[in-house]
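Give me a model of this one.
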Amino acid sequence: MRKYQLNNELLEFVEQETYERWLSRKAVAHVKRDKARGNTTATNESYKIAIHKAVCESKGKDAYTNEQLDWSLLSKYNNEQSKKHGRYYKKQFALLPSVDHVGDGTGEAYFKICAWRTNDAKNDMTYLELVELSKKILNAYNNS
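Numbers count the residues shown, from 1 in each chain. Here you go, the predicted model:
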């Protein structure tokens with residue numbers, strides 16, 4: 001068994017090797033960002049462990065919306081196609097699994113897995129800030 005073994009449910013949608021490449025790339029990107037924010041303890045290995053734990057805990061679903069993520073989209077995004085087709089291309093990747101930082105990135109590595117669309121909307125908000133914004137949006141919608 002591999003160190004970062006996916007469960008059988010997710011292996012139906014993504015190959016183990018593809019997952020491990022994605023995991024490595026995500027860890028490297030988050031370590032780089034966090035070190036720039038002043039985190040001197042961030043390491044690729046500790047981030048891979050934390051991200052993999054979040055993947056396992058997610059059971060393949062978005063941590064904030066409970067939507068089933070599309071794990072078959074891992075490593076399929078193409079920057080050239082995105083430039084060519086813009087938002088229409090990006091919409092196809094709404095349920096692409098992404099790694100959301102919980103906290104400001106200056107402490108211990110802690111992540112949640114959510115859809116790219118969710119992560120994009122959440123941006124740098126905390127979970128509670130996202131909930132409050134969502135309530136305001138629903139309230140405005142219901143009163144229009």
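
residues contacting Cys114?
62-65, 69, 97-98, 100, 122 (C-beta atoms under 8 Å, 6 or more residues apart in numbering). Just so you know, the C-beta spots here come from the backbone N, C-alpha and C atoms, and that holds for glycine as well.

And it, how close does it get to Val55?
11 Å (C-beta to C-beta, to the nearest Å).

Mind listing the shared neighbours of those two?
The contact lists of Cys114 and Val55 share Pro97, where a contact means C-beta under 8 Å, 6+ apart.

about what we covered before: dump the contacts of Cys114 to JSON lines, plus secondary structure and pLDDT.
Below are these laid out as JSON lines (DSSP: H, G, I helix; E, B strand; the rest coil; pLDDT from 0 to 100):
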{"residue": "Asp62", "secondary structure": "coil", "pLDDT": "97"}
{"residue": "Ala63", "secondary structure": "coil", "pLDDT": "97"}
{"residue": "Tyr64", "secondary structure": "coil", "pLDDT": "96"}
{"residue": "Thr65", "secondary structure": "coil", "pLDDT": "96"}
{"residue": "Leu69", "secondary structure": "coil", "pLDDT": "97"}
{"residue": "Pro97", "secondary structure": "strand", "pLDDT": "97"}
{"residue": "Ser98", "secondary structure": "strand", "pLDDT": "97"}
{"residue": "Asp100", "secondary structure": "strand", "pLDDT": "96"}
{"residue": "Lys122", "secondary structure": "helix", "pLDDT": "94"}
